[in-house]
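Visitor: The following block contains a protein sequence and its predicted model.
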Amino acid sequence: MGQSSYFVPATAKWPIVGTVGMFIMMIGAANWLNAGPTGPWLFVVGAAIVIAMIFGWFADVIRESRANLYNSAVDASFRQGMIWFIFSEVMFFAAFFGALFYARIFAVPWLGGEGTGAMTNELLWPGFEAAWPTHGPAELGGDFQTIPGFGLPLINTLILLTSGVTLTIAHWALKKEQRGPLVFWMIVTILLACLFLSIQSYEYVHAYRDLGLTLGSGIYGSTFFMLTGFHGLHVIIGTLMLIVITIRCMMGHFSKKNHFGWEAAAWYWHFVDVVWLGLFIFVYVV
Amino acid sequence: MYLVFSLAMFLVGGAMALVIRAELFAPGLQLVNPEFFNQMTTMHALVMIFGAVMPAFVGLANWMVPMMIGAPDMALPRMNNWSFWILPFAFTLLLATLFMPSGAPASGWTLYPPLSLQGGNSLAFVILAIHLMGISSIMGAINIIATILNMRAPGMTLLRMPLFVWTWLITAFLLIAVMPVLAGAVTMLLTDRFFGTSFFNAAGGGDPVLYQHIFWFFGHPEVYIMILPAFGIVSEIIPTFSRKPLFGYTSMVYATASIAFLSFIVWAHHMFTVGMPLGAMLFFMYATMVIAVPTGIKIFNWIATMWRGSMSFETPMLFALGFVVLFTIGGLSGVMLAIVPANFQYHDTYFVVAHFHYVLVTGAVFAIMAGVYYWLPKWTGYMYDEKLGKFHFWWSTVWVNVLFFPQHYLGLAGMPRRIPDYAVQFTEFNMISSVGGFMFGFGQLLFAYIIWKCVRGGEKATAQVWDGARGLEWTVPSPAPLHTFDTPPLVDDNVAVHRDQLT
Amino acid sequence: MERNANLTGELKMKRTNELIVALAVMAVIIVITWGVFAVGENMPRGVTQYSQDVYQLHNIILGIVSVIGILVFTAMFTAIVLHRRSKGYQAARFSHSTKAEIIWTAIPVLILVVMAVPATRVLVDMENTGGAEMNIKITGYQWLWKYEYIEDDVSFFSALDRDSNRARQLGSGINPRDVENYLLEVDNRLIVPTNTRIRFLLTADDVIHSWWVPELGWKRDAIPGMINEAWTLIEEEGVFRGQCAELCGADHGFMPIVVEAVSPEAFRAWVSEQRQELADAAHDSARLWTREELMDRGHNVYQAQCASCHQGDGTGLEPAFPALVRDGVPTGDLETHMYTVLNGREGTAMAGFRDRLRPEDIAAALTYARNAWSDGAGEVVQPSRVDGSDRG
Ligand code: HEA
Ligand code: HEA
Ligand code: CUA
Ligand SMILES: [Cu+2]
């Protein structure tokens, strides 16, 4: 903590721009959900403003970083910020995993008459047997089949794990300041990410079209799509980060010592990886 | 900025509370229909919690934490700016639902399904507003943690930090841990309502109670988010006006941390009546009761701080003392609520309402007022009007008890909460309570006036302001300059608030 | 000292301060003692073994926390009174004492154990729902209760009684004090035998409700799609009143519960009476009804089941609850009208009444709704039309 002075940036317009953008986006989303005619448009406009804000903001930060305005303390603050941001994301996923575990360990067995659920089953849902996967005693959403874990999902797991490895190789290159291999391995990582996303979308289409598995397929469909969908969203965000970072690598923004932007993206990517592992085990396999 | 916003929201939320109290003045429906009454209850709570109390604490942190640890500003000032600006917009979204054809949400601030799913268009707006507030709180919290961990002046070791800073460090951790969980819970509500999922629908294999578990996993830590910084403020004020170092500094830190830890494993004490297995009920009962121990340590430490001090009673001290007494009353009724068989009677009655207003209004809100009076001279450079301040304290204390104490009796006598009309035997206590509500409420306009007056001018404040005060914030001139410590001060045991602790 | 200038002012305030503090101490003590006594009167002792246990437990914990409160506040006010600067008291400098801290950690722990032991005993007792002599299934609806005596095959609805309902309307002009048992009376009471171990099976049809009669000592949530169990054994005859205790929408405050405990003999007699009535009603849905009969019954059904939302005169409570006297409802297509009432509207408070009401009730309500207000369509809807038996 030996900093002698701390960089205090000039006040910027981005926060307020971002807020207005989010505000418009949220109004748009809410209208959209309520089938209001202006919803989608507002949403898109808002989202565009938010994206512009993010680019603008980061452009400023990058400029300041390039101009060496930051010192080790600012760097440490950014690190703290990223760590806690990822932690908050972990807790977000924890809520959905919690729902999955609760449904499987408590709700469904009770409906099926186990433990305290004996009368529930007898009087309200006679004939319902607890099993997983299930779409519940009222068989919401009609018949469906699940996606077997040891097919495409396994391949997807391997793809994502590999992308973690290639990212690490890129890190070694970065530490040796070899820009060629760095960019190469970054691009490999991004390609793997895109591959993962394509397979995932293919699966969704397959689930909806051929398997009858939808968001409406009772608790199984709900947890399946919520978890994988949310994860997918994070993969998209992570991929965008990787792309931006790769461009910065090409422009030679990072040095052996100063590459926090790179690390932040990498941390995020590893987080996305780990969540997928949990998902693969608890959603597809067990 | 945060503080102005929060005061405005306090008045809005208070006005809603007054609508509630006005309707409950007498049996029969006189003013509003039941649907609107429920909207008022729901919005009152959401506005008070997310609009008044939380931003007030964040505001105090933004202002005081850098000063207290010898930093020029928050670690990530732009993000700070952003997390503030989100709030007014989020509340525009929330309050706008009042004017929608389907009205505001009316399912209580807990938004339990399936009831909350029956509402009209407003649900989507409310949920998205909650998402915005969540984003704002998380960013605010990240910022505070980064500031505390990275920007302390040389020599400001963790165990030299003022207690307010400590409590906020722990609160920020709680915020980051549970706000996303709330976001997850309401997201599932959203998909249940609009995308046909069945998380909370037994017909599809879900369970309405699942929502309650997730909500209270957020909700219980949330109530400590609203009280830990209050503990911090009080721990600053009492030593100052007792002219004696804080008693048991280290045990205060450990107690705060244990409260935070325990807050994660007691959530189901809000749902003893949903029909949990026996073992679960016992577990949650015991865990909840244990919280009384670290909280008690705090209370006893404060008293020991006063003991053989040289006390004087300026407005901040009065509010802090009021806090200790009245919060303890709220805490003790909390322990009663934790006793499961008794909770079967108390649950969802006015006994609970009395409990949480004692810990929230005379707890959190009183501490905020204490803090505002304490630091106001530092912010404005002027002394506030001490006479008016004392009057404000006594007025509030008397009426707040008239307002909430009778609600204990109402609850025990069997009056459920969240009802717009009641059986005639509850009339007297409700009338007393309503009178108290209006008198207390009008007293708060005085609070706004005192602040306004102090901002406008008055007796000049010195840098030290309070002769017994310690800590870095009192070494800078009043009003404090924009970027307080451009060159960090050197901190040693002499500057640390509780220097005697360390020798 | 910068504050010297203030010191004279402070001396003046000293006396007022002391007065105020003394008043405050007195107030606190009065409030607490008053609380201990007044509450003893307030909380019902109840009429079951369990409720008495709870009552006792309540007294124990209230006593304990009151004593803790008094001790804590006494210590604090002693310090306030003695150790004040205006008395010239010099501050000591101590700042910790491990011994004291251990003591005030250990003692609360012991107190908590003392509280936990009886709490655990009573709870374990309550949770044992076995050994029931009869079962009653309770279903919560917005906003009435349905009771089913499982063994006796008797069932009925129980809603807020007519007088209270009239008086509680916004601006009704009726003084609630003139209504007997305002908001605590129902049209059909839950009749139960004394000295019988009764198991309740609680559930709900739409949203979460909570069944609570203070005299029985507990409340338990009624959750849609799930069944919760609880039991009671009432030792005294009498009428016991309670209310729904979980927010369940606009009329949450208006769904009371009334339990009437009678001797087992009287209970058996009541059951046979009910069964006889049911048998009489059984072939009701098969026969043809006259317009007057339907309107008459329809009035009752409508007022009991529909008026809480759509209001007695069918004007609704816009925007939440639509008016039924609108164009196109009474005069509109009967099939749609009937479909709405039978199946409800997904995602709104309008529930389906197919399983709640008998066909003749629905037929009557429909007839009523299509004729009672202004220019109805004039149709008569027969029960056979409702249950579809007229189509084969
Ligand atoms: C700032 C907010 C705050 C705080 C600090 C607390 C503190 C506590 N609360 Fe409270 N609570 C709420 C806000 C808060 N609560 C709210 C908002 C609700 C209602 C939510 C809703 O339904 O809408 C609620 C509801 C609530 C319930 C559920 C009631 C119900 O719905 O049935 C319970 C049950 O256990 C409970 C218990 C406790 C306990 C044990 C504490 C403890 O932390 C208290 C500890 C303090 C003390 C005990 C006093 C000091 C200690 C001593 C002097 C030591 C000696 C004491 C002993 C040995 C006993 N609270
Ligand atoms: C920090 C949180 C907080 C605060 C500060 C308060 C403050 C107050 N609360 Fe609140 N309350 C809650 C949190 C809070 N409450 C929660 C969480 C619930 C549960 C909700 C639920 O069930 O879902 C609740 C529920 C609740 C109920 C129960 C409603 C019901 O069950 O139906 C009642 C009833 O008396 C009540 C009353 C009050 C009163 C009188 C105040 C007073 O302290 C307010 C003081 C008044 C003012 C500060 C007004 C100042 C303004 C004016 C004098 C008017 C002039 C202004 C203008 C014209 C703009 N509250
Ligand atoms: Cu039913 Cu409240
Ligand atoms: Cu809690």
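Guide: Thanks, I have the structure now. Residues are numbered from 1 along each chain as shown, chains lettered A, B, ... in the order given. Ligands and ions are numbered 1, 2, ... in the order given.
Visitor: Is the nearest residue in space to residue B:290 that is not next to it in sequence within a helix or a strand, and which one?
Guide: Closest residue to residue B:290 apart from its sequence neighbours, by CB to CB, 6 or more residues apart in numbering or on different chains: residue B:262 at 6.1 Å. The C-beta positions use only the backbone N, C-alpha and C, and glycine is treated the same way. Per DSSP states H and E, residue B:262 falls inside helix B:249-263.
Visitor: Would you mark the buried spots in that helix?
Guide: B:249, B:251-253, B:255-260, B:262-263 (16 or more other CB atoms under 10 Å in any protein chain shown).
Visitor: Provide a list of residues in contact with the residue nearest to residue B:311 when sequence neighbours are not counted.
Guide: Using CB to CB, 6+ apart and skipping the chain neighbours, the partner closest in space to residue B:311 is residue C:84 (4.5 Å). Contact analysis of residue C:84 by CB atoms under 8 Å, 6 or more residues apart in numbering or on different chains lists B:310-313.
Visitor: Tell me the confidence at residue C:84?
Guide: Residue C:84 carries a pLDDT score of 76 in this model.
Visitor: Next, give phi and psi for it.
Guide: phi -120, psi 150 (degrees, to the nearest 10).
Visitor: now it: how far from ligand 2?
Guide: Counting by CB to the nearest ligand atom, to the nearest Å, the separation of residue C:84 from ligand 2 is 30 Å.
Visitor: Show me which positions of stretch C:236-253 end up buried.
Guide: For stretch C:236-253, the neighbour count (16+ other CB under 10 Å) marks C:240-253 as buried.
Visitor: State the pair within the residues you listed that is farthest apart.
Guide: C:240 and C:250 (25.9 Å; CB to CB).
Visitor: Next, the buried residues of the helix or strand harbouring residue B:90.
Guide: Here residue B:90 sits within helix B:77-96, counting by DSSP H and E. Neighbour-count burial for helix B:77-96, counted by 16+ other CB under 10 Å, picks out B:77-91, B:93-96.
Visitor: Of those residues, which fall within the contact range of chain C?
Guide: With CB under 8 Å from any CB of the partner chain as the criterion, those include none near chain C.
Visitor: hang on, the earlier thing: and the next element down the chain from the helix holding residue B:262?
Guide: helix B:278-290.
Visitor: What ranges in the chain fall below the confidence cut-off?
Guide: Because you didn't say which chain, this covers chain A. A:1-14, A:34-37, A:63-73 (pLDDT under 70).
Visitor: not what I meant, chain C
Guide: If you take pLDDT under 70 as the line, chain C has these spans: C:1-42, C:88-89, C:91, C:282-286, C:319, C:327-328, C:347, C:374-378, C:388-392.
Visitor: Top of the contacts of residue C:84 by number of neighbours, please.
Guide: Among the contacts of residue C:84, the one with the most neighbours (other CB atoms under 10 Å in any protein chain shown) is residue B:311, at 27 neighbours.
Visitor: contacting residues for that residue?
Guide: Counting by CB under 8 Å, 6+ apart, residue B:311 touches B:241-243, B:317, C:79-80, C:83-85, C:89.
Visitor: Where do the strands of the stretch 151-300 of chain C begin and end?
Guide: Here the stretch 151-300 of chain C has its strands, by DSSP state E, counting those that start in this stretch, at C:154-158, C:190-193, C:198-204, C:209-213, C:218-222, C:228-232, C:238-244, C:256-262.
Visitor: could you dump those strands to JSON lines with distance to residue B:359?
Guide: Listed next are the strands of the stretch 151-300 of chain C as JSON lines, based on distance: least, CB to CB, whole Å:
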{"stretch": "strand C:154-158", "distance to residue B:359": "37"}
{"stretch": "strand C:190-193", "distance to residue B:359": "37"}
{"stretch": "strand C:198-204", "distance to residue B:359": "31"}
{"stretch": "strand C:209-213", "distance to residue B:359": "23"}
{"stretch": "strand C:218-222", "distance to residue B:359": "23"}
{"stretch": "strand C:228-232", "distance to residue B:359": "29"}
{"stretch": "strand C:238-244", "distance to residue B:359": "26"}
{"stretch": "strand C:256-262", "distance to residue B:359": "31"}
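Visitor: Backbone dihedrals for the residue of the stretch 151-300 of chain B found nearest ligand 1, please?
Guide: For the stretch 151-300 of chain B, the residue closest to ligand 1 is residue B:296, as judged by CB to the nearest ligand atom, at 2.6 Å. Main-chain dihedrals, residue B:296, degrees, to the nearest 10: phi -60, psi -40.
Visitor: quick one: it and residue C:78, what's the gap?
Guide: 18 Å (CB to CB, to the nearest Å).
Visitor: Give me the most central residue, the chain.
Guide: This is for chain A. residue A:234 (1.7 Å; CA atoms, centre = their mean).
Visitor: I was after chain C.
Guide: Central residue of chain C (CA atoms, centre = their mean): residue C:244, at 2.0 Å.
Visitor: Which strand residues bridge that one?
Guide: Under DSSP bridges, the beta-bridge partners of residue C:244 are residue C:211.
Visitor: Model confidence for the residue of chain B found nearest ligand 2, exactly?
Guide: Here the residue of chain B nearest ligand 2 is residue B:14; by CB to the nearest ligand atom that distance is 2.2 Å. The model reports residue B:14 with a pLDDT of 88.
Visitor: State whether it is indeed within a strand.
Guide: No. Judged by DSSP: H, G, I helix; E, B strand; the rest coil, residue B:14 forms no part of a strand; its state is helix.
Visitor: and residue 182, how many neighbours?
Guide: You didn't say which chain, so I picked chain A. Based on other CB under 10 Å, the number of other residues close to residue A:182 is 25.
Visitor: if you could check chain B rather than the one you did, that'd help
Guide: Neighbours of residue B:182 using other CB under 10 Å come to 25.
Visitor: List the contacts of residue B:282.
Guide: Per CB under 8 Å, 6+ apart, neighbours of residue B:282: B:340, C:120, C:123.
Visitor: Which one of those sits in the busiest neighbourhood?
Guide: That'd be residue B:340 among the contacts of residue B:282, by other CB under 10 Å, with 26 neighbours.
Visitor: related to what we said a few turns ago, how about the residue nearest to the centre of chain A: what's its closest non-neighbour residue?
Guide: Per CB to CB, 6+ apart, closest to residue A:234 is residue A:272, 5.1 Å.
Visitor: For the helix or strand hosting the one you found, which outside residues touch it?
Guide: Secondary-structure assignment from DSSP H and E places residue A:272 in helix A:260-279. Contacting residues not belonging to helix A:260-279 are listed as A:62, A:65, A:75, A:78-79, A:82-83, A:86, A:89-90, A:93, A:97, A:156-157, A:160-161, A:163-164, A:167, A:171, A:174, A:189, A:227-228, A:231, A:234-235, A:237-238, A:241-242, A:244-245, A:248-249, A:253-254 [CB under 8 Å, 6+ apart].
Visitor: Residue B:220 is in contact with residue B:267, isn't it?
Guide: Yes. Look at residue B:220 against residue B:267 with CB atoms under 8 Å: they come within range, at 4.5 Å.
Visitor: quick one: stretch A:144-161 to chain centroid distance?
Guide: 17 Å (CA atoms, centre = their mean, to the nearest Å).
Visitor: mind exporting that stretch as CSV, just the C-alpha atoms?
Guide: Below are the C-alpha coordinates for stretch A:144-161, written out as CSV (Å, rounded to 0.1, in the frame of the first residue of the first chain):
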residue,chain,number,x,y,z
PHE,A,144,-40.8,-34.8,-24.1
GLN,A,145,-37.4,-36.5,-24.3
THR,A,146,-34.2,-35.3,-22.7
ILE,A,147,-30.9,-34.7,-24.4
PRO,A,148,-28.5,-37.5,-23.4
GLY,A,149,-25.5,-36.2,-21.6
PHE,A,150,-22.9,-38.4,-23.3
GLY,A,151,-23.6,-37.2,-26.8
LEU,A,152,-23.2,-33.6,-27.9
PRO,A,153,-23.1,-32.2,-24.4
LEU,A,154,-20.0,-34.2,-23.6
ILE,A,155,-18.4,-33.0,-26.8
ASN,A,156,-19.4,-29.5,-25.8
THR,A,157,-17.8,-30.0,-22.4
LEU,A,158,-14.6,-31.1,-24.0
ILE,A,159,-14.7,-28.1,-26.4
LEU,A,160,-15.1,-25.7,-23.5
LEU,A,161,-12.4,-27.3,-21.4
